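Asks: Give me coordinates for this.
(chains A, B, C, D, E and F)
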Amino acid sequence: MDETDITFFKDGLRLDGRRADQLRPVKIEVGVLARADGSCYIEMGGNKVIAAVYGPREVHPRHLQEVSRAIVRYRYNMASFSVEERKRPGPDRRSYELSKVSREALEPVILTSFFPRSVIDVFVEVLQADAGTRTAGINAAAVALADAGIPMKSMISSCAAGKVADTIVLDPMKEEDNFGQADLPIAMTPNGDITLMQMDGGLTPDEFRRAVEMAMKGARDIYEIQRQALVNKYSQLTDPGHVEAVVQ
Amino acid sequence: MDETDITFFKDGLRLDGRRADQLRPVKIEVGVLARADGSCYIEMGGNKVIAAVYGPREVHPRHLQEVSRAIVRYRYNMASFSVEERKRPGPDRRSYELSKVSREALEPVILTSFFPRSVIDVFVEVLQADAGTRTAGINAAAVALADAGIPMKSMISSCAAGKVADTIVLDPMKEEDNFGQADLPIAMTPNGDITLMQMDGGLTPDEFRRAVEMAMKGARDIYEIQRQALVNKYSQLTDPGHVEAVVQ
Amino acid sequence: MDETDITFFKDGLRLDGRRADQLRPVKIEVGVLARADGSCYIEMGGNKVIAAVYGPREVHPRHLQEVSRAIVRYRYNMASFSVEERKRPGPDRRSYELSKVSREALEPVILTSFFPRSVIDVFVEVLQADAGTRTAGINAAAVALADAGIPMKSMISSCAAGKVADTIVLDPMKEEDNFGQADLPIAMTPNGDITLMQMDGGLTPDEFRRAVEMAMKGARDIYEIQRQALVNKYSQLTDPGHVEAVVQ
Amino acid sequence: MTNVISEIKKDFIYNLLLKGERADGRTFDQYREISIQRDVIRKAEGSALVKLGSSQVLVGVKMQPGEPFPDSPNRGVIITNAELVPLASPSFEPGPPNEVGIELARLVDRGVRESKAVDLEALCIVPGKQVWIVFIDVHILDDCGNILDAASLGAISALLCTKVPASKFGLGEDYILPIRDLPIATSAIEFNDVLMFDPGVDEEAIANTKLTIISTIEGNICGTQKSGTGMLKPEQVYRIIDIACEKAKEIREKFLEA
Amino acid sequence: MTNVISEIKKDFIYNLLLKGERADGRTFDQYREISIQRDVIRKAEGSALVKLGSSQVLVGVKMQPGEPFPDSPNRGVIITNAELVPLASPSFEPGPPNEVGIELARLVDRGVRESKAVDLEALCIVPGKQVWIVFIDVHILDDCGNILDAASLGAISALLCTKVPASKFGLGEDYILPIRDLPIATSAIEFNDVLMFDPGVDEEAIANTKLTIISTIEGNICGTQKSGTGMLKPEQVYRIIDIACEKAKEIREKFLEA
Amino acid sequence: MTNVISEIKKDFIYNLLLKGERADGRTFDQYREISIQRDVIRKAEGSALVKLGSSQVLVGVKMQPGEPFPDSPNRGVIITNAELVPLASPSFEPGPPNEVGIELARLVDRGVRESKAVDLEALCIVPGKQVWIVFIDVHILDDCGNILDAASLGAISALLCTKVPASKFGLGEDYILPIRDLPIATSAIEFNDVLMFDPGVDEEAIANTKLTIISTIEGNICGTQKSGTGMLKPEQVYRIIDIACEKAKEIREKFLEA
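Replies: Numbers count the residues shown, from 1 in each chain, chains lettered A, B, ... in the order given. Predicted structure coming up:
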């Protein structure tokens, strides 16, 4: 990532008018798919991402079964038309890595021991990409897990911080991601336990701390939106017990 | 498919001297392979196609097994040298589609419930292609199934009709297929039950009916040749029972 | 392989100063890897090859199991940086063939019936290539098998002979291999039972015999080095029984 | 458990059919509610989200200059791909398209191609050298039955709002992709001699024969495909064609020509 | 069931061998009946259907202009491929060539290449830019044993009737591909110190060692390959070579030089 | 049997950890013995064999001219690949890189790329046309734990001795690849609130959280990655960062700046 002649700030505000510590608009809808056991659609800025959860269900092929717990699979996939230049269908090296770290971001809160020998499948489709698809995907996937009634220790919320023009900013958009100095996505529980942390670019140890703290603040804001989306869906239900359990 | 300056008819006859409703020469040989359980070689015009049947036999991998019936697999494959420009070995999207519809053309008459948990494999190799390889393949495969002693409700016969220079023609050859206005391959039982129907190009509903009827007429003619080929092979046998059953 | 203007001999010696029937320097180290059950590193001239043996162990996928014996797998692989022009990672057609003939060179001496339903995996990585990687790989693999304690009827030793400037030479190096007239690699037991024999180029039947005999002489010399390497490793052990058995 | 439920469902639908009814109260030739949202993906040159009852299909069109095929040097290229991603159905699996996905993509492609909806000659930039490549990418989001009709409708809808991105490649001003026909695919299943249009996913599960008819503005047929392991009488074929062309006309007028 | 039959067959052949006999009455160095039909595929530049007893192999040769390899800018390119399609044997599986198919293709290729049967320099069109690519495609149709010898014989037979399609590519008139040598592969299996040439499929199943010798018009050896998990004494190798060169001469004179 | 032994091993290590000890007597932030041999592969432009305790990783660097990416026409290209060949561990399988191998390659790549260790502008030959492609190939030979740190150290070590093969391609004289930074990856696992650097393979098996920090000469952080299915408190992250930068400095000074 190179700095270029781009002016990232004008009158103290970012290219899209945000303050340094401000999220892009977030919209979350729960239960948007009929076939999936749980699903969620999210918009974070220009990102449009949909997540579905299937399971717990039987594992194929069998030899992947674990005797004492459910395995979790996570498939991050970009639609061919989701990016500026058409992407060839199918997974590439980037999507394999993102699938791995996203799965590892969610697995710590899933009570996999409840479902030995089974699988919980999480499928994330990026329909439109605008920097931050992995965090959007994790946010949608966590809500979809709750919507599917998968028992979880807590919600997971994800957000990135970045560095542009030597300033730490929250939730970088495309231009800030492409030409910025660093990107640091995290995912965490409402308690602040970190389940995903990646970073690339260049940060001093002090900047690193400030970026982590800003990303955590963003994740907490997103958590409120996730919670509200689930409450909205389940508020009419007579027994919202498992939802409460999820978002405690 | 575009019309071009090609003159498709001369003195009421087609480029190869056929009438509009005439088949190309057909030659069928039964039992041409030693290893296969049943086999058939067919020439339809310039097409040279060979079919083999293996089975009923064990299914690998196991998870494809069906508890109440045999599964049927059909693999349509073109030899690299079968076409004008060398084809890369291995299946392409076209051959996947043709394999699917060809399997679905034969499966309705195969008594799969006789052989639970097993597979009937049909392999079709196009050695030389000249328009109509899918219909030739189905015709050969149906005879090979009979040759393998697979119990069938009836024979399946396949033929295409086309439209060239606004005329409906039977069994289009290469030039008519490449530059014609429509192609409509069908497969059917001797009773006229249709098991394959595809079409591309442009036909009015009325032309469509006439094309279907012409293709059915062609299929009936082919059925006679299939039947004769089987009778020729099995006429010396003391107990031709299962052949009779097949072609009745 | 074409002859070119290269002068292969000067004062009766080869480009690297060897006599026609002389091996390149050979260095063998046993037990160089911690994770593998047996391992061996070999240098033969400029070749640097490492072999590992795992097993007998469980077979995956299951359907490859043999009820009465262990199966043997052999994977010959070249590191991307092992050759002049970077090689794409992963197996190519050449490595599939070499893996097959190398496996068939070792399997005759492995007592596979001792380990029904299991697999003995032999992995060979070519780290630097300089003509003769298959023979180097087999030599290393045979020692690694012994190091893994796999019961064997005898050691296997491998060497090539070639023809350059109408002369039969032992253990061709890169230039002799690229521009020579023939290459004949063999593998054999210390008793002279041949387990690998390939050849390409052009040899009269008489030259063929002389090349086989020269290659067998080379293999016998390599056998001594293999034996010594194993003795060196196991000489301190109180019970060197299985080593003795191996190299007897 | 899932299988038991699905067997019960099948029996339920089966018994309804014998009484001449459908589970959701539709008549046999009635489509579920259709909605089309266009231009939903800003990064695509054209896009459409089609809902057919609960089935959801998103189609994106991307365009870029590229080389023509040697045998049609003056014509643009259409490449149609379908992803039956595992998000959309418990029966879809990750991996490259299987024969079901390939058949679907090829049928969508056939409708666009054989109806000559896109003027390929108009997509030539430099004869023999450079033409527009039109990628039609079908992304199935929720398979509640009859995704082929939805995908086909999504493809023509997305093409209708596709803007040729000429300026992005220094090839003049952007312009709307000219569309000359509006092919519509309509599919029916046959069961016990009943013909049902726009089958839901449970109806698809009990019937084993489907016929798809793709028809044009003129009321001509530009593509058909029988799928499934059953048989059809010629009269059934003709009956389906008659209704299919009528249904296609209704859908076309209501959603594409409005 | 199949396996039981095949075990009985094996025992039968085994017991015959111990008596010095073969199941079909042949002597140990006798080939099954050979037939070669050339030019059977009109779409190929050259083709041959070889029958070796019941084994059937079809070889097609296609040619097209293409780029030379950087390290041989003035030489044509030979690409040999073999398809062991599942039609030919219950033990062949669909999918890309496995190690058996790859070994077969590479041995056929080795015979053609190492005997210098095709004058690669003569296949240069524009030095460094354009040369003829010769595709030799081996299609196994029926594997009743010893398909390698049949494939190798098919390849040279197809090459012998290959017409270089120069006019099709605007490169002058078509001409017969010049062939300078006639490599013949002959294979023997070893069993109980008996050497049997041209093994049938059941004989292959009981022996576990095979040696293939490819020899030229001059009686020289241009390729050998031991395959299988057995061993051979040097004397056995030399014995096979002597007979192999003799057999190759007979086949060459009878079928290729006639 | 293997599994029983490994369970016993795990218990042993677990119990040691509870006592504040490691199986091999190291302190929690102590690395195993490191050795680096450079230029071990003559055929590579640069190479290094790194031993980290018993873990062994060989990295080779190859360079060749090629085309730049369209969006960076004046910059060289780095392509990093990692082969977790089955020779190195009973848990590695043949085949294309899985997600573990891909993650490792991408992290090694990220260290080199984000630290700007290689001056990509200096690798431009003809702007927009020809640049140097740098292939960094990581070959894991023996996985006794923490192969990422070893691979990362191997990559920068191999780059440090890489000679640009200009003369081979007629592009002037060979020269040493200029290196501007020395990124070092240091990884720690968390277990029961204990942070252990440079985990051995058994330690990796019991902990389920790892954090990797890649730091530069300046002491800045150019890459981090949490892996595994556990969680980390922010304070743990900061603690790891502090120690990691210190450890990286020690390793850099001892092995790369010597």
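Asks: What ranges does the stretch 1-150 of chain D have for its helices?
Replies: Ranges of helices in the stretch 1-150 of chain D, per DSSP state H, counting those that start in this stretch, are D:2-18, D:99-114, D:147-160.
Asks: helices or strands up against the last one?
Replies: Using 3 or more CB pairs under 8 Å, 6 or more residues apart in numbering or on different chains; DSSP states H and E as the contact criterion, the neighbours of helix D:147-160 among helices and strands are strand D:34-38, strand D:46-52, strand D:55-66, helix D:99-114, strand D:130-142, strand D:184-191, strand D:209-215. The way it works is simple: take the backbone N, C-alpha and C, and place the C-beta from them, glycine included.
Asks: Which among those is found nearest to chain A?
Replies: Ranking those by distance to chain A, with CB to the nearest CB as the measure, places strand D:55-66 first at 2.7 Å.
Asks: Give me the contact status of that closest one with chain F.
Replies: No. Residues of strand D:55-66 are not located near chain F by CB under 8 Å from any CB of the partner chain, the shortest gap being 12.0 Å.
Asks: That strand pairs with which strands, and in what direction?
Replies: For strand D:55-66, sheet partners with direction are given as strand D:46-52 (antiparallel), strand D:130-142 (antiparallel), following DSSP bridges.
Asks: Switch those strands over to JSON lines; also include mean pLDDT and mean neighbour count.
Replies: Formatted as JSON lines, the strands paired with strand D:55-66 follow (pLDDT from 0 to 100; neighbours: other CB atoms under 10 Å in any protein chain shown):
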{"stretch": "strand D:46-52", "mean pLDDT": "98", "mean neighbour count": "25"}
{"stretch": "strand D:130-142", "mean pLDDT": "98", "mean neighbour count": "25"}
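Asks: how near is residue D:136 to chain B?
Replies: As for residue D:136, its distance to chain B is 14 Å (criterion: CB to the nearest CB, to the nearest Å).
Asks: now the residue in the stretch 151-258 of chain D that chain F sits nearest to, nearest residue through space, not along the chain?
Replies: Using CB to the nearest CB, the point where the stretch 151-258 of chain D gets nearest to chain F is residue D:169, with a distance of 12.0 Å. Of all residues beyond its chain neighbours, the one nearest residue D:169 is residue D:65 (5.5 Å), with distances taken as CB to CB, 6 or more residues apart in numbering or on different chains.
Asks: Bridged to the one you found, which residues?
Replies: Checking residue D:65 by DSSP bridges, which sets the bridge assignment, gives partners residue D:132.
Asks: how many neighbours does it have?
Replies: 19 (other CB atoms under 10 Å in any protein chain shown).
Asks: can you pull out the strands in chain A?
Replies: A:9-10, A:13-14, A:26-30, A:38-44, A:47-58, A:71-78, A:118-128, A:157-164, A:167-170, A:182-188, A:194-203 (DSSP state E).
Asks: Going by mean pLDDT, which of those comes out lowest?
Replies: For the strands of chain A, the weakest mean pLDDT is recorded on strand A:9-10, namely a mean of 92.
Asks: In terms of secondary structure, what does it contact?
Replies: Secondary structure elements in contact with strand A:9-10, counted by 3+ CB pairs under 8 Å, 6+ apart, are absent; no helix or strand qualifies.
Asks: picking up where we left off before, right, so of the strands of chain A, which gets closest to residue C:81?
Replies: Put simply, out of the strands of chain A the one that sits nearest residue C:81 is strand A:194-203, at 25.9 Å, with distance taken as CB to CB.
Asks: Check whether the helix ranked longest in chain A comes near chain F.
Replies: Of all the segments of type helix in chain A, defined by DSSP state H, the longest one is helix A:205-234. Yes. Using CB under 8 Å from any CB, a contact is recorded between helix A:205-234 and chain F, made by A:205, A:208-209, A:212-213, A:216.
Asks: How about stretch A:88-107?
Replies: Yes. Taking CB under 8 Å from any CB as the criterion, stretch A:88-107 and chain F are in contact, through A:93-94, A:96-97, A:99-101, A:103-104, A:107.
Asks: Just the buried ones from these, in PyMOL syntax?
Replies: Applying 16 or more other CB atoms under 10 Å in any protein chain shown to the residues of stretch A:88-107 next to chain F leaves a buried subset, and the PyMOL line that selects it is:
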select buried, chain A and resi 93+96+97+99+100+101+103+104+107
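Asks: Just confirm yes or no for stretch A:55-67 near chain F.
Replies: No. Under the criterion of CB under 8 Å from any CB, stretch A:55-67 makes no contact with chain F; the nearest approach is 11.9 Å.
Asks: What residues sit buried inside that stretch?
Replies: So for stretch A:55-67, counting by 16+ other CB under 10 Å, buried means A:55-57, A:59, A:65.
Asks: Which one of the residues you listed is nearest to chain F?
Replies: The shortest approach to chain F among the buried residues of stretch A:55-67 belongs to residue A:65, at 15.5 Å (CB to the nearest CB).
Asks: OK, contacts around the closest one?
Replies: With contacts taken as CB atoms under 8 Å, 6 or more residues apart in numbering or on different chains, residue A:65 has the following neighbours: A:59, A:71, A:117.
Asks: Rebuild the residues you listed as CSV, extending it with distance to residue C:229.
Replies: Conversion of these to CSV gives the following (distance: CB to CB, whole Å):
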residue, distance to residue C:229
A:59, 46
A:71, 44
A:117, 47
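Asks: ok, so of those residues, who is nearest residue B:77?
Replies: For the contacts of residue A:65, the nearest to residue B:77 is residue A:59 (32.9 Å; CB to CB).
Asks: wait, isn't residue A:170 in contact with residue A:22?
Replies: Yes. With contact defined as CB atoms under 8 Å, residue A:170 and residue A:22 form a contacting pair (6.2 Å).
Asks: of these two, who's got more company?
Replies: Neighbour count, other CB under 10 Å: between residue A:170 and residue A:22, residue A:170 has more, with 23 against 16.
Asks: Tell me how far the residue of chain A found nearest chain B lies from chain F.
Replies: Closest contact between chain A and chain B, by CB to the nearest CB, is at residue A:60 (6.5 Å). Residue A:60 sits at a distance of 18 Å from chain F (criterion: CB to the nearest CB).
Asks: Not counting sequence-adjacent ones, nearest residue to that residue?
Replies: Spatial nearest neighbour of residue A:60, excluding adjacent residues (CB to CB, 6+ apart): residue B:63 at 6.5 Å.
Asks: tell me the contacts of residue 99?
Replies: Assuming you mean chain A. When contacts are counted by CB under 8 Å, 6+ apart, residue A:99 touches A:74-76, A:91, F:99.
Asks: try again with chain D
Replies: Contacts here follow CB under 8 Å, 6+ apart; on that basis residue D:99 touches B:96-97, B:99-100.
Asks: For residue A:33, the count of nearby residues, please.
Replies: The local packing of residue A:33 (other CB under 10 Å) involves 26 other residues.
Asks: ok, it touching residue A:51?
Replies: No. Distance between residue A:33 and residue A:51: 9.2 Å, which falls outside the contact criterion (CB under 8 Å).
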